[in-house]
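Peer 1: missing the sequence, but the structure's below:
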Ligand SMILES: Cc1cc2nc3c(=O)[nH]c(=O)nc-3n(C[C@H](O)[C@H](O)[C@H](O)COP(=O)(O)OP(=O)(O)OC[C@H]3O[C@@H](n4cnc5c(N)ncnc54)[C@H](O)[C@@H]3O)c2cc1C
Ligand SMILES: NC(=O)c1ccc[n+]([C@@H]2O[C@H](COP(=O)([O-])OP(=O)(O)OC[C@H]3O[C@@H](n4cnc5c(N)ncnc54)[C@H](O)[C@@H]3O)[C@@H](O)[C@H]2O)c1
């Protein structure tokens, strides 16, 4: 067996691991990047990029289907094979770019094979190499959770790991779950002509915590999607042509239906199995997870750091990249680790309406010292112009000083409005300061201005806003 001595061993060549490696190298350390699967990252292979490619195709189909609103008569003919072929072509090109970048890393800084702990900072990799490190970064990502009864027929169901490899769109699709992946992929499939039915044992639709925004979003999704909530899935039986699902409805009736494909999107779990974390000496909870400090990425005071999806903090790409950098940095400087500032939380679901959450979520607002302003997109000028006038944006501020705290929204252009707000929250802008920023006309951002004005009024801070800001524009 080979033996390697390095400063920092990094397990996982995904986004978090690649950023950790870069941080170690930048500070002059000797990193070793260990990958047990294929290079290319979850984001490019089976995550962000292929999902957005599917959604892009669905948006094209949806634009044709909705063209009559504008007096444009058109009929879409969806070529499922061409949809999947473009998705796979573009995805493969994104993956190839990441693989090329990873393979440019000097060969003596890379190792292929599954890693497992044999001691606090010793690993065995692929049964062929022993690694002795000063510190270890675990960046092993997460994997789809397949609950019963689907676990028993796992090879017959799709997850986000496999759906993007379909050669053609299925005729029908059952989607298990109503979270972000379920909504993004299920809605896209439906808009591409697939008959889609969503099932969940719970009553939630999407990640929103603001009850008003959640109500508006739920209404929009319920109008378009077939959501069977509070259903108990009894069994899933493979048959010729698909899977026969049998479930019990909320009122106790038993139903069954065959679907060509089933997509299980019931959440993801950290990739810890096979790592033998117990051998590292870390204290683990009943799910096998160590406690991780989000500001240092460190587990207790051990020379072990967790970054990205496996850390279970905020499983998003930009957070994984930041955590990787923090983990790599601190692993090299261990035991002198430093707390590092995190960015304002920002998450976006690319559904229609888009869902976005910024800063503090509604359920995290400090009791008795926050105020809420809102705007409905129903009458918002630009939203009406483009025929996408549905949704609600609610923005939160500290009532003592007017500092922006966060927002939740479901509506058109939420991905852009949320970015503006995230920058403002991170800058600790007050509501009056945000209202002194320029707003063009006619744009969706005028909706945000309306919510900020509403908030300023409730804070009794309108007097602090520049007079020019109060100028009206039609449909703003
Ligand atoms: C369908 C879908 C859509 C998404 N869309 C978005 C989006 O639009 N925007 C966004 O911000 N985020 C999105 N995400 C989330 C984002 O993809 C993840 O947060 C991010 O890719 C996680 O990166 P990571 O580095 O933690 O993990 P990964 O990229 O999964 O890297 C982990 C690596 O560790 C390796 N590994 C695991 N165990 C071992 C071991 N024992 N030894 C050696 N190697 C090991 C794995 O093979 C893998 O290569 C999406 C996710 C999914 C599934
Ligand atoms: N646009 C984006 O940024 C984007 C897109 C996709 C995924 N992601 C990331 O990936 C993460 C995982 O997404 P996800 O959709 O898998 O998780 P999620 O937490 O958003 O949703 C999980 C869903 O599964 C349901 N569920 C749980 N147990 C179930 C069971 N036994 N049977 C049926 N349903 C069950 C939950 O009620 C929920 O609706 C997200 O939290 C997000 O961070 C981000």
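Peer 2: Thanks, I have the structure now. These numbers come from a predicted model, not from an experiment. Numbers count the residues shown, from 1 in each chain. Ligands and ions are numbered 1, 2, ... in the order given.

Peer 1: going forward, measure contacts between C-alpha atoms and count neighbours the same way
Peer 2: Fine.

Peer 1: where in this protein is pLDDT low?
Peer 2: Per-residue confidence for the chain (pLDDT under 70) gives these ranges: 461-476.

Peer 1: who's residue 397 bridged to?
Peer 2: Beta-bridge pairing of residue 397 under DSSP bridges involves residue 371, residue 404.

Peer 1: give the contact list for it.
Peer 2: 370-372, 403-406, 430-431, 455 (CA atoms under 8 Å, 6 or more residues apart in numbering).

Peer 1: for the stretch 51-200 of the chain, what lies in contact range of ligand 2?
Peer 2: Residues of the stretch 51-200 of the chain lying close to ligand 2 by CA under 6 Å from any ligand atom are 147, 176-182, 200.

Peer 1: identify, from the residues you listed, the entry nearest to residue 448.
Peer 2: Closest approach to residue 448 among these (CA to CA): residue 180, at 23.7 Å.

Peer 1: can you tell me the helix or strand for the residue lying closest to that closest one once chain neighbours are set aside?
Peer 2: Computed as CA to CA, 6 or more residues apart in numbering, the closest residue to residue 180 that is not its neighbour in sequence is residue 206, at 5.8 Å. Following DSSP states H and E, one finds residue 206 outside all helices and strands.

Peer 1: what is the burial count for residue 206?
Peer 2: 21 (other CA atoms under 10 Å).

Peer 1: contact partners for it?
Peer 2: For residue 206, the contacting residues are 178-180, 183, by CA under 8 Å, 6+ apart.

Peer 1: tell me the one among these nearest to ligand 1.
Peer 2: Using CA to the nearest ligand atom, residue 180 comes nearest to ligand 1 of the contacts of residue 206, at 8.2 Å.

Peer 1: does the closest one really touch residue 187, like I thought?
Peer 2: No. In this structure residue 180 lies outside contact range of residue 187 using CA atoms under 8 Å: 10.6 Å.

Peer 1: among these two, which residue is more densely surrounded?
Peer 2: Neighbour tally, residue 180 and residue 187, criterion other CA under 10 Å: the higher count belongs to residue 187, 25 against 20.

Peer 1: now do the helix or strand harbouring that one: distance to the chain's middle.
Peer 2: When elements are assigned from DSSP H and E, residue 187 belongs to helix 180-191. Its chain's average C-alpha position is 14 Å from that of helix 180-191, according to CA atoms, centre = their mean, to the nearest Å.

Peer 1: outside of that helix, which residues touch it?
Peer 2: Helix 180-191 is contacted from outside by 51, 54-55, 57-59, 61-62, 160, 169, 175-176, 195-196, 198, 206-207, 225, 263-266, 349-351, using CA under 8 Å, 6+ apart.

Peer 1: go again using 7 Å as the cut-off
Peer 2: Helix 180-191 is contacted from outside by 51, 54-55, 58, 61-62, 175, 196, 206, 265, 349-351, using CA atoms under 7 Å, 6 or more residues apart in numbering.

Peer 1: from the residues you listed, which is closest to ligand 2?
Peer 2: For the contacts of helix 180-191, the minimum distance to ligand 2 (CA to the nearest ligand atom) is 3.9 Å, reached by residue 349.

Peer 1: and the helices in the stretch 301-450 of the chain?
Peer 2: Assigned by DSSP state H, counting those that start in this stretch, the stretch 301-450 of the chain shows helices spanning 317-333, 381-385, 414-426, 431-435, 445-458.

Peer 1: report the buried members of the contacts of residue 397.
Peer 2: 370-372, 403-406, 430-431, 455 (16 or more other CA atoms under 10 Å).

Peer 1: what's the closest of the residues you listed to ligand 1?
Peer 2: Comparing the buried ones among the contacts of residue 397 against ligand 1 with CA to the nearest ligand atom places residue 406 closest, at 18.3 Å.

Peer 1: neighbours around the closest residue to that closest one other than its chain neighbours, how many?
Peer 2: In space, and not counting its chain neighbours, residue 406 is closest to residue 359: 4.2 Å by CA to CA, 6+ apart. Residue 359 has 26 neighbours, counted by other CA under 10 Å.

Peer 1: what of residue 278?
Peer 2: Residue 278 has 16 nearby residues by other CA under 10 Å.

Peer 1: got CSV for the buried ones among the contacts of residue 397, with distance to residue 80 too?
Peer 2: Output for the buried ones among the contacts of residue 397, formatted as CSV (distance: CA to CA, whole Å):
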residue, distance to residue 80
370, 49
371, 48
372, 44
403, 49
404, 45
405, 44
406, 40
430, 49
431, 47
455, 46
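
Peer 1: just give me the closest of those to ligand 2.
Peer 2: The closest of the buried ones among the contacts of residue 397 to ligand 2 turns out to be residue 406 (CA to the nearest ligand atom; 17.4 Å).

Peer 1: surely the closest one meets residue 358?
Peer 2: Yes. Using CA atoms under 7 Å, residue 406 is in contact with residue 358, at 5.0 Å.

Peer 1: which SS state does residue 255 fall under?
Peer 2: Three-state assignment for residue 255 (DSSP: H, G, I helix; E, B strand; the rest coil): strand.

Peer 1: that one: what's it in contact with?
Peer 2: Contact analysis of residue 255 by CA under 7 Å, 6+ apart lists 246-248.

Peer 1: in helices, which of those residues appear?
Peer 2: Applying DSSP state H to these, no entry is found in helices.

Peer 1: okay, those in a markdown table with neighbour count and distance to residue 229 next?
Peer 2: Output for the contacts of residue 255, formatted as a markdown table (neighbours: other CA atoms under 10 Å; distance: CA to CA, whole Å):
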| residue | neighbour count | distance to residue 229 |
| --- | --- | --- |
| 246 | 17 | 14 |
| 247 | 19 | 11 |
| 248 | 16 | 11 |
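
Peer 1: what's the burial count for the closest residue to residue 315 other than its chain neighbours?
Peer 2: Closest residue to residue 315 apart from its sequence neighbours, by CA to CA, 6+ apart: residue 309 at 4.7 Å. By the other CA under 10 Å criterion, the neighbourhood of residue 309 contains 26 residues.

Peer 1: in what helix or strand does residue 237 lie?
Peer 2: In the assignment (DSSP H and E), residue 237 maps to strand 232-239.

Peer 1: for that strand, buried residues please.
Peer 2: For strand 232-239, by 16+ other CA under 10 Å, it's 232-233, 235-238.

Peer 1: tell me which two of the residues you listed sit farthest apart.
Peer 2: Longest span within these, CA to CA: 232 and 238, 18.4 Å.

Peer 1: is it true that residue 194 touches residue 174?
Peer 2: No. Taking contacts as CA under 7 Å, residue 194 lies outside contact range of residue 174: 10.1 Å.

Peer 1: who has more neighbours, those two?
Peer 2: For residue 194 and residue 174, the more surrounded residue by other CA under 10 Å is residue 174, and the numbers stand at 24 against 17.

Peer 1: can you pull the contacts of that one?
Peer 2: Neighbouring residues of residue 174 by CA under 7 Å, 6+ apart: 196-198, 259, 261-263.

Peer 1: which among those gets closest to residue 22?
Peer 2: Taking CA to CA as the measure, residue 22 lies nearest residue 263 of those, at 35.6 Å.

Peer 1: secondary structure element for whichever residue of the stretch 1-150 of the chain sits closest to ligand 2?
Peer 2: Residue of the stretch 1-150 of the chain nearest ligand 2, by CA to the nearest ligand atom: residue 147 (4.9 Å). Counting by DSSP H and E, no helix or strand carries residue 147.
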